[in-house]
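Peer 1: Got a predicted model here, sequence first, then my questions.
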Amino acid sequence: MIWNREFETLPRPELERLQAERLRRVVRYVYERVQPYRERMREAGVSPEDVRHREDVAKLPFMTKRDFRDHYPYGLFAVPLDRVLRIHASSGTTGKPTVVSYTRHDLDVWAEVCARCLAASGARPGDVFQNAYGYGLFTGGLGMHAGAERMGLVVVPASGGNTERQILLLQDFGPKVLACTPSYALTLAEALEARGVRPGQLALRYGILGAEPWTEAMRQQIEEKLGIAALNIYGLSEVIGPGVANECLEAKDGAHVFEDHFLVEVVDPYTGEPLPPGRQGELVFTTLTKEALPVIRYRTGDVASLNPEPCRCGRTFVRMSRVVGRTDDMLIVRGVNVYPSQVEAALVGLPQLSPHYQIVVSRERTLDELEVRVEVDPLYHHALGGLDPADERVQGLLRRAYESLYGVLGLHVRVTLAAPGSLPRSEGGKLRRVVDLRAS
């Protein structure tokens, strides 16, 4: 189902003309209303008159998360506070949150793009929708809630965490659609399995999962364990929240960026130079229709690539690949770039292991040491009768895990097998996979 066929299937030439028109408008709007960005443009020797075509976006200076910190809380707002209807915020690394704001028009746009995500993921008006994204300052819960109401779903505002209650609602309310983080979907699947609830016994059919990187192998695990089609949603608070892009049920091959509202680029993380389709780099977004807090060339830190090829679903929007990692979360171990998603991809292919893992980096002497802790699948753990290091089956599994990791990373890795349930679990929010002890 395509929610807004008029815009989601626009021929590319018409779409790019629309983007150019909206880009000109938003650059002028930000230049006139947001002093910090006006000063940045002047320093770069760029004026709104220099932006005439879609490609001219590359002339403009970037924005980063530091801009939000430096001008906390309201310094980047483009409207007076009395025109703002809502404020959200994400956690910050310096103790101050990243503050974003919405006018009535912005909330309308947000509901629209989230409705598109739900439709692309298989939801239909009248379906029961269990929203297990967190409500509050985090944008996930309320963003998806508004989109679901716009679409006409029956919304169960479960919020994040409280797994016992989530399971009760899944069993008693019969939701067909679930939204949460992928790691929490696995937590739910594990809890349901422990209670003897098998895939297909619930009404659940579709999962809209995001807010953290995940792999194709992890998708397969979730789909098998929950008996659903699992779709990837992408968004970030600084741009709008969830609803920037979403996979379609027909292809499940990259998330369609809603380009009538967001202009997307991929740039080299080190030089900032634009990269062509298919090349992996840092995602950069310009909002084309935001009023309260537009962003121009916002560097997300997310690493992905773009695919402009036509999709069989009929949408003409460019597709972005899965986020393979973040420029700020990327680990450099002995000169090698390591993303958690690479570790996950190497491990999930081994059926004796579960998808629960943790990466620990240390420097005991002069060289970095990389340890991967991974849980053994509960059934295999039971068959082993424990994790006796002398057991040849345990040694064989350690060897296979090491070889798989070495094949992907090209690094020697210390593998530690863990008992089921011993590693940290998601309680509805993002799961911290990496522990870097080098700075401690």
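Peer 2: On my side now, so go ahead.

Peer 1: Summarise which helices and strands the helix or strand encompassing residue 66 is packed against.
Peer 2: Using DSSP states H and E, residue 66 maps to helix 65-70. In terms of contacts (3 or more CB pairs under 8 Å, 6 or more residues apart in numbering; DSSP states H and E), helix 65-70 is packed against helix 35-44, strand 98-102. Glycine gets a C-beta too; all of them are placed from N, C-alpha and C.

Peer 1: Sort out which residues of the very next helix or strand once past the shortest one are buried, please.
Peer 2: Note on strand 98-102: by DSSP H and E, the next helix or strand toward the C-terminus is helix 104-120. Going by neighbour count (16 or more other CB atoms under 10 Å), the buried part of helix 104-120 is 106-107, 109-120.

Peer 1: try stretch 250-258
Peer 2: The neighbour-count check on stretch 250-258 (16+ other CB under 10 Å) flags 252, 254, 255, 256, 257, 258 as buried.

Peer 1: what's the answer for stretch 55-62, then?
Peer 2: Counting neighbours by 16+ other CB under 10 Å, the buried set in stretch 55-62 is 57, 60, 61, 62.

Peer 1: Now do the same contact list for the third one.
Peer 2: Spelled out, it's residue 61. If you count contacts by CB atoms under 8 Å, 6 or more residues apart in numbering, residue 61 has them with 37, 40, 41, 43, 44, 46, 296, 297.

Peer 1: Export only the CA atoms of the lengthiest helix in the chain, formatted as CSV.
Peer 2: Looking across the chain with DSSP state H, the single longest helix is helix 12-33. Extracted in CSV, the C-alpha atoms of helix 12-33 (Å, rounded to 0.1, in the frame of the first residue of the first chain):
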residue,chain,number,x,y,z
ARG,A,12,12.1,11.7,-10.9
PRO,A,13,12.3,14.9,-13.1
GLU,A,14,9.3,16.3,-11.3
LEU,A,15,10.5,15.3,-7.9
GLU,A,16,13.9,16.9,-8.5
ARG,A,17,12.2,20.1,-9.7
LEU,A,18,10.1,20.1,-6.5
GLN,A,19,13.3,19.6,-4.4
ALA,A,20,15.1,22.5,-6.1
GLU,A,21,12.1,24.8,-5.5
ARG,A,22,11.9,23.8,-1.8
LEU,A,23,15.6,23.9,-1.4
ARG,A,24,15.8,27.5,-2.6
ARG,A,25,13.0,28.5,-0.3
VAL,A,26,14.4,26.8,2.9
VAL,A,27,17.9,28.2,2.3
ARG,A,28,16.5,31.7,2.1
TYR,A,29,14.2,31.0,5.1
VAL,A,30,17.2,29.8,7.3
TYR,A,31,19.5,32.6,6.1
GLU,A,32,16.9,35.2,7.2
ARG,A,33,15.9,33.6,10.5
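
Peer 1: Give me the helices and strands touching that helix, please.
Peer 2: The contact analysis (3+ CB pairs under 8 Å, 6+ apart) places helix 12-33 against helix 35-44, strand 281-287.

Peer 1: model confidence over it, on average?
Peer 2: Helix 12-33 carries an average pLDDT of 98.

Peer 1: how about it: buried residues?
Peer 2: Going by neighbour count (16+ other CB under 10 Å), the buried part of helix 12-33 is 15-16, 18-20, 22-24, 26-27, 29-31, 33.

Peer 1: got the contact list for that helix?
Peer 2: For helix 12-33, the surrounding residues in contact (CB under 8 Å, 6+ apart) are 10, 37-38, 41, 47-48, 51-54, 56-57, 60, 78-79, 259-260, 263, 286-290, 294, 296, 308, 316-317.

Peer 1: which residues does residue 119 contact?
Peer 2: By CB under 8 Å, 6+ apart, the contact list for residue 119 reads 1, 2, 3, 151.

Peer 1: again, but for residue 68
Peer 2: Residue 68 neighbours (CB under 8 Å, 6+ apart): 76, 98, 99, 238.

Peer 1: Determine the number of other residues adjacent to residue 277.
Peer 2: 12 (other CB atoms under 10 Å).

Peer 1: can I assume it is in contact with residue 306?
Peer 2: Yes. Between residue 277 and residue 306 there is a contact at 5.1 Å, judged by CB atoms under 8 Å.

Peer 1: any shared contact partners between the two?
Peer 2: residue 318.

Peer 1: just how off-centre is the longest helix of the chain within its chain?
Peer 2: Chain-centre distance of helix 12-33: 26 Å, with CA atoms, centre = their mean, to the nearest Å.

Peer 1: for stretch 391-400, same thing?
Peer 2: The answer for stretch 391-400 is 34 Å, by CA atoms, centre = their mean.

Peer 1: which residues make contact with it from outside it?
Peer 2: Contacts for stretch 391-400 (CB under 8 Å, 6+ apart): 350, 352, 353, 376, 384, 387, 388, 389, 415, 417.

Peer 1: could you redo these as CSV and give each row pLDDT and neighbour count?
Peer 2: Output for the contacts of stretch 391-400, formatted as CSV (pLDDT from 0 to 100; neighbours: other CB atoms under 10 Å):
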residue, pLDDT, neighbour count
350, 90, 17
352, 93, 19
353, 92, 23
376, 94, 24
384, 92, 17
387, 93, 16
388, 93, 11
389, 91, 8
415, 95, 22
417, 95, 18
